[in-house]
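Enquirer: When you get a sec, could you give me coordinates for this:
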Amino acid sequence: MKKQVRPEVPFAVCIDNEGYQASLEVGKLYRIVPDEEAESHGYIRVIDESGEDYGYSADRFYRLGIPRPLERALVKASS
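Expert: I've put the predicted structure just below:
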């Protein structure tokens, strides 16, 4: 049986908000918006405190793998 590939809904925790205190909170979970162009330059695009998606240096975040039920709840809450 072939394993189904599910679309990734990545999340990351902010670990450094220096210079972006109004936009990012250390320890807060952020939804990542896939952006290959940004990632190729060392950036990560997240939905920040403004409710919009912006690119930040990827080293400001720690990416998380989360269980499917938690992922569904977080996606539903952020929609």
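Enquirer: doesn't Leu24 fall inside a helix?
Expert: No: per DSSP: H, G, I helix; E, B strand; the rest coil, Leu24 lies outside any helix segment and is coil.
Enquirer: Now for this protein, the helix or strand with the poorest mean pLDDT.
Expert: Least confident helix or strand, the chain: helix 68-78 with a mean of 82, by mean pLDDT, DSSP states H and E.
Enquirer: name the helices or strands packed onto that one?
Expert: strand 29-31 (3 or more C-beta pairs under 8 Å, 6 or more residues apart in numbering; DSSP states H and E). In this view, the C-beta of every residue, glycine as well, is placed from N, C-alpha and C.
Enquirer: Neighbouring strands - and their directions - for the strand it packs on?
Expert: Applying DSSP bridges to the sheet, strand 29-31 is found paired with strand 11-14 (antiparallel).
Enquirer: Can you give the contact residues for the partner strand?
Expert: Contact with strand 11-14 is made by 24-32, 44, 46, 60-64, 66, 71, 74, as judged by C-beta atoms under 8 Å, 6 or more residues apart in numbering.
Enquirer: what comes up buried for that strand?
Expert: For strand 11-14, a neighbour-count test (16 or more other C-beta atoms under 10 Å) marks Phe11, Ala12, Cys14 as buried.
Enquirer: same question, stretch 17-28
Expert: For stretch 17-28, using 16+ other C-beta under 10 Å, the buried residues are Asn17, Tyr20, Leu24.
Enquirer: Distance from the chain centre to that stretch, please.
Expert: 13 Å (C-alpha atoms, centre = their mean, to the nearest Å).
Enquirer: Determine how far the last residue of it lies from the first.
Expert: The first and final residues of stretch 17-28 sit 10 Å from each other (C-alpha to C-alpha, to the nearest Å).
Enquirer: Report the central residue of the protein.
Expert: Ile32 (2.7 Å; C-alpha atoms, centre = their mean).
Enquirer: Touching, that residue and Ile44? I think so.
Expert: Yes: between Ile32 and Ile44 there is a contact under C-beta atoms under 8 Å: 6.1 Å.
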